[in-house]
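**Student:** take a look and give me a structure for this.
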Amino acid sequence: MSWAARINTHTPTKSKSQKISESAHTRRRYHHLARSRSANVTRVSARTRRRHRYYERFTMSSFTDGIGSGDVTGGEDPVVRQAALDALGNMNGTVVAIEPTSGRILAMVNQKLALSSGAQPCSTIKLSVALAALNEGLISKETPVALGAHYRMNLTTALAHSNNAYFEALGRKLGFDKVAYYAHEYGLGELAGFDIPGEQLGTYPDEVIPAKLGGVGKMCSFGEGISMTPLQLGAMVAAIANGGTLYYLQHPNTPEEVTNFQPRVKRQLDIAPLIPEISDGMAAAVQYGTARSLRLNFNEEEILGKTGTCSHAGTRFGWFASYANTDIGRVVIVVFLEGGRPTFGPKAAEIAGRMYRNMYDHNFFIAGHAQAPAAEVLKTVSTAP
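**Tutor:** Below you'll find the predicted structure:
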């Protein structure tokens, strides 16, 4: 029996058109093919729908009320604090501003969060990894690192665009022991402040995280397995800004404590020759990289910084650590946000830009702005406050 259609040549009296009929076997064959095609389309459509519908779910809000209520502010710089409050708005986060030449905290908004045990550092960990690789002589800012058969990248570009593959490669070359050694040297895993009530300690693992979680590569690109506090990040960036002095951060509580303020050095870091190597990438991040949103609000002074975005257990984190490189001095600003989809590193950079703008408009970046008096002699104290 043929599968093809049969043509009936008997012409009906009321119609001149030919009638096409199909055999029973042909109808069964077409029916089978139609069902097969329908099933395939359904399976493909289902896969497509599942792929399009998938997205990460967040349980924490990016917004909150009453930011800064309950903070101890008697020893803070009023211009800096108001600039931080205005810039942060109702975003769920904290802002810490530090004088890098002394370790004095000029303002700390939402102190409960700022002094907490911290969170995954995301891509801000790349600053520590970059300094470690530079210190070990693995790279310079221009060294091309192979990221594939036909693709290479240098440090400046990798920092500007926060390239994960680049820093995973550095981490694997360094190995966990060296990565951990330098991280501790730069202040991770220890208290950043001196006698700051309520400050909690971030964590740095004693051994490399399992390979199924990404191993040392993910530790160096996303900070996987690490918990860093805003104060720890601020102290490290302050050391980059001042040429290599890791200060204990201090938060004066009264005007009298500001008057009698004396910086306390934790240790000297051997990074002075490395700072020009890393600063180009930090400046590029603001000029055209992941932190370029800062320039929506401020471009009068040079800002160098690093963003970070990642998530854990239903909460998204947005980091931005930076310093203003001005003729009359420098200030370090760390913005840390937590929440849902509106929370990410470029948003933290945008907030920092608004804060720099507010400070600039209130003459913070001119000679004569009231600062803590510099001590003639700097005390070096033990690493256990």
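
**Student:** what about the closest residue to residue 155 other than its chain neighbours, neighbour count?
**Tutor:** Take residue 155 and drop its neighbours on the chain: the residue closest to it by Cβ to Cβ, 6 or more residues apart in numbering is residue 141, 4.5 Å away. The C-beta positions use only the backbone N, C-alpha and C, and glycine is treated the same way. For residue 141, the tally of surrounding residues (other Cβ atoms under 10 Å) stands at 19.

**Student:** hang on, residue 141 in a strand?
**Tutor:** No. Secondary structure assignment (DSSP: H, G, I helix; E, B strand; the rest coil) places residue 141 in coil, not in a strand.

**Student:** now do it, the pLDDT please.
**Tutor:** On pLDDT, residue 141 comes in at 98.

**Student:** for it, give me its contacts.
**Tutor:** Residues in contact with residue 141 (Cβ atoms under 8 Å, 6 or more residues apart in numbering) are 154, 155, 156, 276, 277, 278, 280, 281.

**Student:** can we see that at 7 Å?
**Tutor:** Residues near residue 141 by Cβ atoms under 7 Å, 6 or more residues apart in numbering: 154, 155, 156, 277, 280, 281.

**Student:** repeat for residue 130
**Tutor:** 155, 159, 278.

**Student:** likewise residue 226?
**Tutor:** Counting by Cβ under 7 Å, 6+ apart, residue 226 makes contact with 120, 121, 125, 203, 204, 205, 219.

**Student:** got those as CSV, with pLDDT columns?
**Tutor:** Below are the contacts of residue 226 laid out as CSV (pLDDT from 0 to 100):
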residue, pLDDT
120, 98
121, 98
125, 98
203, 96
204, 97
205, 97
219, 98
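
**Student:** okay, and which of these map to helices?
**Tutor:** The helices, defined by DSSP state H, take in 125, 219 from the contacts of residue 226.

**Student:** which of the contacts of residue 226 lies closest to residue 342?
**Tutor:** residue 120 (18.2 Å; Cβ to Cβ).

**Student:** got a list of what the closest one touches?
**Tutor:** Contacts for residue 120 (Cβ under 7 Å, 6+ apart) come out as 223, 226, 227, 310, 312, 317.

**Student:** what of residue 223?
**Tutor:** 120, 121, 122, 125 are the contacts of residue 223 under Cβ under 7 Å, 6+ apart.

**Student:** likewise for residue 238?
**Tutor:** With Cβ under 7 Å, 6+ apart, residue 238 has these contacts: 98, 100, 103, 247, 332.

**Student:** and it, how far from residue 339?
**Tutor:** To residue 339, residue 238 is 26 Å away according to Cβ to Cβ, to the nearest Å.

**Student:** related to what we said a few turns ago, which of the contacts of residue 223 tops the neighbour count?
**Tutor:** Using other Cβ under 10 Å as the neighbour test, those are led by residue 121, with 30 neighbours.

**Student:** looks like residue 358 contacts residue 85 (just checking).
**Tutor:** No. Counting by Cβ atoms under 7 Å, residue 358 does not reach residue 85; the two are 9.2 Å apart.

**Student:** run through the stretch 1-150 of the chain and note the low-pLDDT ranges.
**Tutor:** 1-54 (pLDDT under 70).

**Student:** in it, which spans are strands?
**Tutor:** 6-8, 19-21, 93-99, 104-109, 145-148 (DSSP state E, counting those that start in this stretch).

**Student:** residues in a beta bridge with the residue positioned nearest the centre of the chain, which ones?
**Tutor:** Nearest to the mean C-alpha position of the chain, by Cα atoms, centre = their mean, lies residue 308 at 0.7 Å. The partner list for residue 308 in beta bridges (DSSP bridges) reads residue 319.

**Student:** could I get the pLDDT score of it?
**Tutor:** The model's pLDDT for residue 308 equals 98.

**Student:** that one reaches residue 345, doesn't it?
**Tutor:** Yes. Contact status for residue 308 versus residue 345: in contact at 5.0 Å, counting by Cβ under 7 Å.

**Student:** shared neighbours, these two?
**Tutor:** Common neighbours of residue 308 and residue 345 (Cβ under 7 Å, 6+ apart) are 122, 123, 319.

**Student:** quick one: secondary structure of residue 191?
**Tutor:** Looking at residue 191 with three-state DSSP, the answer is coil.

**Student:** what about it, distance to residue 178?
**Tutor:** 23 Å.
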